[in-house]
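**Student:** everything below, folded, please.
(2 chains)
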Amino acid sequence: MRARVYVTLRNGVLDPQGEAVRHALGTLGFAGVQGVRQGKLIDLTLSATDPKAAEAEVAQMCEKLLANTVIEDYRIEVLAE
Amino acid sequence: MKAGVIVFPGSNCDRDMAVAIEQATGQKPAMIWHKDAALPRGLDLIAIPGGFSFGDYLRCGAIAAKAPVMRAVADFAHAGGHVLGVCNGFQVLIEAGLLPGALMRNAGLKFICRTVHLRVETGDSAFTRGYETGQIVAYPVAHHDGNYIADADTLARLKGEDRIAFTYVENPNGATADIAGILSGNRRVLGMMPHPERAADPALGGTDGKALFAGLAAALERVA
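**Tutor:** Here you go, the predicted model:
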């Protein structure tokens, strides 16, 4: 079973890298970009077979290591193979 | 004063830290490998040095904060031990939950490596007792993720409890309220981005950091 975790900065937290990308897009002529938020994608391959149990376990991983919940949110997708 | 310096894969200021401590105390600190689950007995101070622990993968300090030795460091801190975290060490202490807030990418997105001026905001700690409150000191900084972030409640608490140890005279990284270093609630854990250990010997181009180690040695000698 695979799980995919998206880690993004929480709303309201300034994202300097996203801002730099937004600025670069504007320079390239993409005038309509009002905001860019950059994040991380983490793919996990798990031995678990129960999607619910897997999701609960990945949530623990996010709380303990994968995300810094002071500044980051996370979203989990469990992908059955 | 008996001190220990934690060494992670990627630490690169560990020996500078050891030299600064030895010059202040006359005793070589114990070098403690990150896989050690227990600390040497009778330590008065643990220093977490700068560097790039675990390559700064995932987030700066995040993987180091979960290393076996950090459970012992947390126990040491909760029992009232003194802990100094510099640069990556500050990031590790924050990721370990021993200090509040977060450290983000510098607002200017550049790695900053130069000497900056700091204002000592409080002389009321074992770390800063060697300075006058309001004193301006010069320390080097060398970091990519030193932009200190705290929410309004945390910031109000830090200010109200006099826990901001150092601020930048000219903010190089966008840190909230110009914060360069903060203390824990019991004032025994200090995390800071600038490097006192790189300003503790004339050969390194500055000696303003010496008073931090001397103050610590004097304060903790009585404890020992």
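
**Student:** what's stretch B:42-49 in contact with?
**Tutor:** B:1-7, B:11-14, B:16-17, B:21, B:29-30, B:32, B:39, B:73, B:76-77, B:81-89, B:92-93, B:197, B:216, B:220, B:223-224 (C-beta atoms under 8 Å, 6 or more residues apart in numbering or on different chains). In this view, the C-beta of every residue, glycine as well, is placed from N, C-alpha and C.

**Student:** I misspoke; the intended subject was stretch B:1-8.
**Tutor:** In contact with stretch B:1-8 (C-beta under 8 Å, 6+ apart) are residues B:14, B:17-18, B:21, B:25, B:27, B:29-34, B:39-40, B:42-49, B:51, B:53-54, B:64, B:67, B:69, B:73, B:89, B:92, B:216-217, B:220-221, B:223-224.

**Student:** where's that stretch relative to the chain centroid, distance-wise?
**Tutor:** Remark: stretch B:1-8 is offset 12 Å from the chain centroid, using C-alpha atoms, centre = their mean, to the nearest Å.

**Student:** do stretch A:52-61 as well
**Tutor:** Its chain's C-alpha centre and that of stretch A:52-61 lie 16 Å apart, by C-alpha atoms, centre = their mean.

**Student:** tell me which residues of it are tucked away?
**Tutor:** Buried residues in stretch A:52-61, counted by 16 or more other C-beta atoms under 10 Å in any protein chain shown: A:Ala54, A:Glu55, A:Glu57, A:Val58, A:Ala59, A:Met61.

**Student:** how about stretch B:143-154?
**Tutor:** Result for stretch B:143-154 [16+ other C-beta under 10 Å]: buried residues B:His143, B:His144, B:Asp145, B:Gly146, B:Asn147, B:Tyr148, B:Ile149, B:Ala150, B:Asp151, B:Thr154.

**Student:** contacts only, for B:Gly205.
**Tutor:** B:Thr115, B:Ala199.

**Student:** at 7 Å what do you get?
**Tutor:** Applying C-beta atoms under 7 Å, 6 or more residues apart in numbering or on different chains to B:Gly205 gives no contacts.

**Student:** tally up the residues packed near B:Tyr57, please.
**Tutor:** Counted with other C-beta atoms under 10 Å in any protein chain shown, residues neighbouring B:Tyr57 total 11.

**Student:** wait, doesn't it sit right on B:Ile63?
**Tutor:** Yes. Counting by C-beta atoms under 7 Å, B:Tyr57 does reach B:Ile63; the two are 6.3 Å apart.

**Student:** whichever residue of chain B sits closest to chain A bridge partners, please.
**Tutor:** Using C-beta to the nearest C-beta, the closest approach of chain B to chain A is made by B:Ala102 at 4.5 Å. For B:Ala102, the beta-bridge partners under DSSP bridges are B:Ile149.

**Student:** and the residue lying closest to B:Ile112 once chain neighbours are set aside, how many neighbours does it have?
**Tutor:** If the residues on either side of it in the chain are set aside, B:Ile112 comes closest to B:Pro172, at 5.1 Å by C-beta to C-beta, 6 or more residues apart in numbering or on different chains. Residues lying near B:Pro172 (other C-beta under 10 Å) number 22.

**Student:** ditto for the one 5 residues further on
**Tutor:** Counted by other C-beta under 10 Å, the residues lying close to B:Ala177 total 14.

**Student:** ok, now how distant is the closest residue to it other than its chain neighbours from B:Pro196?
**Tutor:** Closest residue in space to B:Ala177, ignoring its immediate chain neighbours: B:Leu155 at 6.2 Å, by C-beta to C-beta, 6+ apart. Per C-beta to C-beta, to the nearest Å, B:Leu155 is found 24 Å from B:Pro196.
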